[in-house]
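>>> Have a look at this fold, sequence not included:
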Ligand code: FES
C-alpha cells in the first residue's frame, strides 16, 4: 500500500490557496519545535464568513497537503464552523496520513485557530478561548 493517499499527493503537488492576503482580517502562525516546520494562515472575514483564506507553509509534504485541504474546508464557512475544525477531520478528508505524520495536520488546526483568535482580539469580539485551544489528537 502506498504510504500517502492520492488526495495527499494531489494536495501536495497542487496545493490550493497558497499565498498571502495583504489586508487579512486575521493571521495565525505556528511552528512545530521538533521538526522546525512553520505554517501561516491568512483569513479574510466578512459578516462572520470566511470569504478568503490563503496559506504559506515552510514544511513537509504532509503539512502542505494538510494546509491546502484545511483551507478548502473552511473557505465560505462561518468563523464558528471553522472553530470546530480538527486535525482529525483534516487527516480524514485527506483519506488519512501515516501515524507519524499526523502531527503535521495539527499545524493546520492550530494555525487556523490562531488566525481566528487574532481576528477576535483585533475586533474586540468576545470568544470562548477554550474552543480555540487546540483539540488535536495525540495518537501519533
Ligand atoms: Fe514537520 Fe510534517 S514533519 S510538519
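All right, it came through fine. Because the structure is predicted, anything quoted here is derived from the model rather than measured.
>>> Near the closest residue to residue 95 other than its chain neighbours, how many residues? Count them for me, please.
Take residue 95 and drop its neighbours on the chain: the residue closest to it by C-beta to C-beta, 6 or more residues apart in numbering is residue 5, 3.7 Å away. For glycine as for every other residue, the C-beta is placed from the backbone atoms N, C-alpha and C. Neighbourhood size, residue 5 [other C-beta atoms under 10 Å]: 17.
>>> ok, now residue 52?
Neighbours of residue 52 under the rule other C-beta under 10 Å: 17.
>>> The residue nearest the centre of the chain: what's it in contact with?
Taking C-alpha atoms, centre = their mean, the centroid of the chain lies closest to residue 108, which sits 2.7 Å from it. The contact partners of residue 108, taken as C-beta atoms under 8 Å, 6 or more residues apart in numbering, are 39, 41, 63, 66-67, 69-70, 87, 90.
>>> Report the two of those separated the most.
41 and 87 (13.4 Å; C-beta to C-beta).
>>> Mind checking which of these two has more residues around it?
Relative neighbour count places residue 41 above the other of residue 41 and residue 87, with 31 against 24, counting by other C-beta under 10 Å.
>>> So which bits of the longest helix seen in the chain are buried?
Under DSSP state H, the helix in the chain containing the largest number of residues is helix 102-122. Neighbour counts over helix 102-122 (16 or more other C-beta atoms under 10 Å) mark 102-120 as buried.
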